[in-house]
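build me a model:
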Amino acid sequence: MAYTDESLAAAGAAVDRLDSLLGALAGYRQEGPSDPTLGRLLDDTRAGFDEAIDDDLNISAALAALFEGVRELNRRIDARLLSSADAVTAAAFIHDLDRVLSVTADREAEHLEAGLQALLDARSAARTARNWAESDRLRDELATRGVAVEDTRDGQRWRRLTEAGRG
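Alright, predicted model coming up:
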């Protein structure tokens, strides 16, 4: 294994991509029919992942298969092709694969400290009042405290920022 600052930063970015997808899936709300091709996508992703793991723990190939699935799930989220039930299924799938990697945050157990939650609530109120300057200021304040905030069609979403080497 070759350790470099760049490889550590890339690993942090990969974890952020997974956490971001899980956050998007957790907040996703779309009524309507389920995506009839979701099962095939998840099956293909699992097959590629498992095949790579079975090939002498080829983590690079396993991650390539996983992130191909992540890219497609993000595309489907953006296009609003999934139902709310599909989002739950996809999140469970990612968590299942993560049993091998153990790199994603436990979103169910993750809560913000009271001061950070107050900032997040104030930002939401500022957006509701259409006070964009205050909303932006609060987003920047949260970022300096290690919390990224993203506005989506499904509402405000937050995640912890990770620093390379700090997890």
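
can we go C-alpha only for contacts and neighbour counts from here?
Fine.

show me what contacts Glu134?
Going by CA atoms under 8 Å, 6 or more residues apart in numbering, Glu134 touches Arg123, Ala126.

one more pass at 10 Å, please.
Contacts for Glu134 were tallied using CA atoms under 10 Å, 6 or more residues apart in numbering; they are Ala122, Arg123, Ala125, Ala126, Arg127, Asp140.

contacting residues for the residue positioned nearest the centre of the chain?
Using CA atoms, centre = their mean, the residue of the chain that lies closest to the mean C-alpha position is Ser20, 2.0 Å off. Applying CA under 10 Å, 6+ apart, one finds that Ser20 lies in contact with Ala14, Ala26, Asn74, Thr104, Glu150, Arg157, Trp158, Arg159, Arg160.

so which of the contacts of Glu134 is the most crowded?
Of all the contacts of Glu134, the highest neighbour tally under other CA atoms under 10 Å goes to Arg123, namely 23 neighbours.

give me the subset of the contacts of Glu134 that lies in helices.
Using DSSP state H, the members of the contacts of Glu134 that fall within helices are Ala122, Arg123, Ala125, Ala126, Arg127, Asp140.

pick the one among the residues you listed closest to Leu81.
Ranking those by separation from Leu81, with CA to CA as the measure, puts Arg127 on top at 26.9 Å.

report the contact partners of the closest one.
Counting by CA under 10 Å, 6+ apart, Arg127 touches Asp121, Ala133, Glu134, Ser135, Asp136, Asp151, Gln156.

what's the most distant pair in the ones in helices among the contacts of Glu134?
Looking at the ones in helices among the contacts of Glu134 by CA to CA, the two members farthest from one another are Ala125 and Asp140, with 15.6 Å of separation.

is it correct that Gly27 is in contact with Arg157?
Yes: counting by CA atoms under 10 Å, Gly27 sits close enough to Arg157 to count as a contact (7.3 Å).

before we move on, which element is the residue nearest to the centre of the chain in?
Assigning secondary structure by DSSP states H and E places Ser20 in helix 5-27.

same for the helix or strand following that helix, what does it pack against?
Proceeding C-terminally, helix 5-27 gives way to helix 38-54 as the next helix or strand, assigned by DSSP H and E. Other helices and strands packing on helix 38-54, by 3 or more CA pairs under 10 Å, 6 or more residues apart in numbering; DSSP states H and E, are helix 59-78, helix 84-101.
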